[in-house]
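Novice: Provided below are the primary sequence and the corresponding predicted coordinates.
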Amino acid sequence: MSSYELVYETYGSLNADKSNAILICHALSGNHHVAGYYADAPENLGWWDSMVGPGKPIDTEKFFVIGVNNLGGCHGSTGPSTINPETGQAYGASFPLVTVEDWVESQARLADQLGIEQFAAVIGGSLGGMQALQWSLAYPDRVRHVFAIAAAPRLTAQNIAFNDVARNAILTDPDFYGGDFYQHGVVPTRGLRLARMLGHITYLSDDAMADKFGRELRSGSFKYSYDIEFEIESYLRYQGDKFAAYFDANTYLLMTKALDYFDPAHDFGGDLNKAFSHAKADFLVVSFTTDWRFSPTRSREIVRPLLHNKLNVSYAEITSNHGHDSFLMKDSYYFEVMRTYLDKVASEFGKGQLPAKEAEK
Amino acid sequence: MSQDNLQLSRKRPDFAAIAAWIPKGASVLDLGCGDGSLLRYLKETRAVTGYGVEISDLNIASCIGNGVNVIQNDLNAGLADFENNSFDYVLLSQTLQATRHTEALIQEMLRVGREGIVSFPNFGYWRNRFKILFGNMPVSKDLPYQWYDTPNVHLCTLKDFETFCADHHVAVLDRRVMTGEGEVKFLPNLLGSTAVYRFQRGI
């Protein structure tokens, strides 16, 4: 590609020595709209609004927070649904597969543009956590603290399997047209919604689903049909439809592929200890007890090479009922850990020092 | 020493005893590190590096607030995250008596560390013996629990601990017995309320 665009949002003000910047990396379906809402769309709350904002754990009165839509996304950054200026058609199938490494590379260019030499922290959950880890490896001198929340150093076979089933749902949808469905004026809705329904099951815990839906029936009695009967069916189909209405199928494919490929130890004979030997950042690793998509065991796989390399790391295992989605939920212990750690980060660039007003965007 | 640290060493005399054995710049793993005050104390007075291990949610944020690395983990599940000989010292301060698999944990301490340091309340202290003589389980500053709500499942005396070491190929290198801040040299198993031991793998 000869050029690309990234869309980003910022919150708070960059201080005079540009030392208070935090980059938030998004997960599979996230985007640059991390917190707050727009004047003309008050219902469109940022995906991490509970965590990011004035007085919140990622405090925008102390930090200059950047949310970016990843390259290949479908929320404004150049992606498969963008019109290729050379052909006048959407990139579609011709959009290259991008990796976590590519994302970090493009985020570093954004940091260059904003004049940020070093981030106070790069923070991400799930796939976002992988990007945060990659930051510590690709740019050890450009990030002081890395937050890997509900993440993994690399996917397990089971996780790749889930991704592949989701991809197959899209790839085999007759409306997919090999990725060039834009020209045909259709969207592979059936595939996308199946992919999202499957994903959703893996983001929730067994208990959370039982609590929320149990075996509740919509009409109170069996209909002996294939229509929606159980509440869980209704919920999943609703989530699937909602997602399929706005998310790009090619972006979904590409994001899951980036997840599958990510393995910092790939060039080090599979040895994560070696992979992290160049990292310099301090780390906060957080996992959630009922998360089985990125379980606490996966987070410990991140912690171990950090311990091996004698890096500063703290690890918190949050008791939560919400499975993988826990990282997006409000929880007093989780938020206290985040707030306390970030207060420490803020104290490094001077207690009570107010961000320079002239730098305000 | 800062005012904070001075107060801390008075409140927890075993901290000062532990610090006295640790050379500057040593690497330390503190098991059952609580709110991280010992590690912070050692960081500030001995410039140590290292990590704490703690199970309680309530303490994790305090550790982070104290500026020390903390790994949330159950000691009873072992120390699998830590490699052989990866620390100079592995500490177990006022936690030994509350561990389930005490035997295995002491061995684990000597797997991941060059030396181990433990401090624990001496159950053989005369006040404890006195309470039992008169028919009650001891409740005191060092043992602040009732029999029914105590986390202390493996209380021992100095003599018990030393017998344990001898039986398990653990070589005691140093011992400091205290009552409050004062060191007890005479009849320590009777007159000392707290004991601190430094040990390594025996032959």
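Specialist: Happy to help now that I have it.
Novice: just say helix, strand or coil for the residue lying closest to A:Gly67 once chain neighbours are set aside.
Specialist: Of all residues not flanking A:Gly67 in the chain, A:Val34 sits nearest, at 3.6 Å (C-beta to C-beta, 6 or more residues apart in numbering or on different chains). Glycine gets a C-beta too; all of them are placed from N, C-alpha and C. Three-state assignment for A:Val34 (DSSP: H, G, I helix; E, B strand; the rest coil): coil.
Novice: give me the pLDDT value at A:Val34.
Specialist: Per-residue pLDDT puts A:Val34 at 97.
Novice: swap in A:Glu358?
Specialist: The predicted structure scores A:Glu358 at 35 on the pLDDT scale.
Novice: neighbours around residue 173, how many?
Specialist: With no chain named, the answer covers chain A. Neighbourhood size, A:Asp173 [other C-beta atoms under 10 Å in any protein chain shown]: 21.
Novice: actually chain B
Specialist: Neighbour count of B:Leu173, defined by other C-beta under 10 Å: 13.
Novice: quick one: contacts for the residue nearest to A:Gly67?
Specialist: A:9, A:11, A:24, A:26, A:46-49, A:52, A:65, A:67 (C-beta atoms under 8 Å, 6 or more residues apart in numbering or on different chains).
Novice: who's in contact with stretch B:161-175?
Specialist: Under C-beta under 8 Å, 6+ apart, the answer for stretch B:161-175 is B:21, B:103, B:106-107, B:110, B:115-116, B:118, B:120, B:156, B:158, B:188, B:195-203.
Novice: of these, grab the buried ones for PyMOL.
Specialist: A single PyMOL command is used to select the members of those judged buried by 16 or more other C-beta atoms under 10 Å in any protein chain shown:
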select buried, chain B and resi 21+106+107+110+115+116+118+120+156+158+188+195+196+197+198+199+201
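Novice: tell me which of the contacts of stretch B:161-175 fall in strands.
Specialist: The strands, defined by DSSP state E, take in B:115-116, B:118, B:120, B:195-201 from those.
Novice: pipe those residues into CSV and attach distance to B:Ile71 and pLDDT per row.
Specialist: Below are these laid out as CSV (distance: C-beta to C-beta, whole Å; pLDDT from 0 to 100):
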residue, distance to B:Ile71, pLDDT
B:Glu115, 20, 98
B:Gly116, 18, 98
B:Val118, 19, 97
B:Phe120, 22, 96
B:Ala195, 27, 96
B:Val196, 24, 96
B:Tyr197, 24, 97
B:Arg198, 23, 98
B:Phe199, 23, 98
B:Gln200, 24, 97
B:Arg201, 24, 94
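Novice: coming back round to it: give me the phi and psi angles of the residue nearest to A:Gly67.
Specialist: Main-chain torsions, A:Val34, degrees, to the nearest 10: phi -80, psi -40.
Novice: what about it, distance to chain B?
Specialist: 23 Å (C-beta to the nearest C-beta, to the nearest Å).
Novice: what's the answer for A:Gly128, then?
Specialist: In this structure, A:Gly128 and chain B are 21 Å apart, going by C-beta to the nearest C-beta.
Novice: what number of residues lie near the nearest residue to B:Thr157 once chain neighbours are set aside?
Specialist: Excluding the flanking residues, the one nearest B:Thr157 by C-beta to C-beta, 6+ apart is B:Gly124, at 3.2 Å. Counted by other C-beta under 10 Å, the residues lying close to B:Gly124 total 22.
Novice: who's B:Leu91 bridged to?
Specialist: Beta-bridge pairing of B:Leu91 under DSSP bridges involves B:Asp30, B:Ile117.
Novice: surely B:Met137 touches B:Lys131?
Specialist: Yes. With contact defined as C-beta atoms under 8 Å, B:Met137 and B:Lys131 form a contacting pair (6.9 Å).
Novice: for the residue nearest to A:Ser77 when sequence neighbours are not counted, what are its contacts?
Specialist: By the measure of C-beta to C-beta, 6+ apart, the closest residue to A:Ser77 outside its immediate chain neighbours is A:Asn69, 4.1 Å from it. By C-beta under 8 Å, 6+ apart, the contact list for A:Asn69 reads A:6-8, A:26, A:31-32, A:75-77.
Novice: got it, and B:Ile203?
Specialist: Contact partners of B:Ile203, counting by C-beta under 8 Å, 6+ apart, are B:169, B:171.
Novice: pLDDT at it, what is it?
Specialist: In this model, B:Ile203 is scored at 74, pLDDT.
Novice: so how far is chain A from it?
Specialist: The gap separating B:Ile203 from chain A is 29 Å, by C-beta to the nearest C-beta.
Novice: same thing with B:Val112?
Specialist: Applying C-beta to the nearest C-beta to B:Val112 and chain A gives a distance of 10 Å.
Novice: surely that residue is in contact with B:Phe82?
Specialist: Yes. Contact status for B:Val112 versus B:Phe82: in contact at 4.3 Å, counting by C-beta under 8 Å.
Novice: between these two, which has more neighbouring residues?
Specialist: Neighbour count, other C-beta under 10 Å: between B:Val112 and B:Phe82, B:Phe82 has more, with 24 against 19.
Novice: check whether that one sits in a helix, strand or coil.
Specialist: Secondary structure for B:Phe82, judged by three-state DSSP, is coil.
Novice: can you map out the strands along the chain?
Specialist: All of this refers to chain A. Counting by DSSP E, the strands of chain A are A:8-11, A:21-25, A:52-53, A:58-59, A:64-68, A:119-125, A:143-149, A:282-288, A:313-318.
Novice: please go with chain B instead
Specialist: Counting by DSSP E, the strands of chain B are B:27-31, B:49-54, B:69-72, B:87-93, B:113-121, B:170-179, B:182-183, B:194-201.
Novice: redo the ones you listed as JSON lines? Include distance to A:Asn273.
Specialist: Formatted as JSON lines, the strands of chain B follow (distance: least, C-beta to C-beta, whole Å):
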{"stretch": "strand B:27-31", "distance to A:Asn273": "17"}
{"stretch": "strand B:49-54", "distance to A:Asn273": "16"}
{"stretch": "strand B:69-72", "distance to A:Asn273": "17"}
{"stretch": "strand B:87-93", "distance to A:Asn273": "16"}
{"stretch": "strand B:113-121", "distance to A:Asn273": "19"}
{"stretch": "strand B:170-179", "distance to A:Asn273": "30"}
{"stretch": "strand B:182-183", "distance to A:Asn273": "43"}
{"stretch": "strand B:194-201", "distance to A:Asn273": "25"}
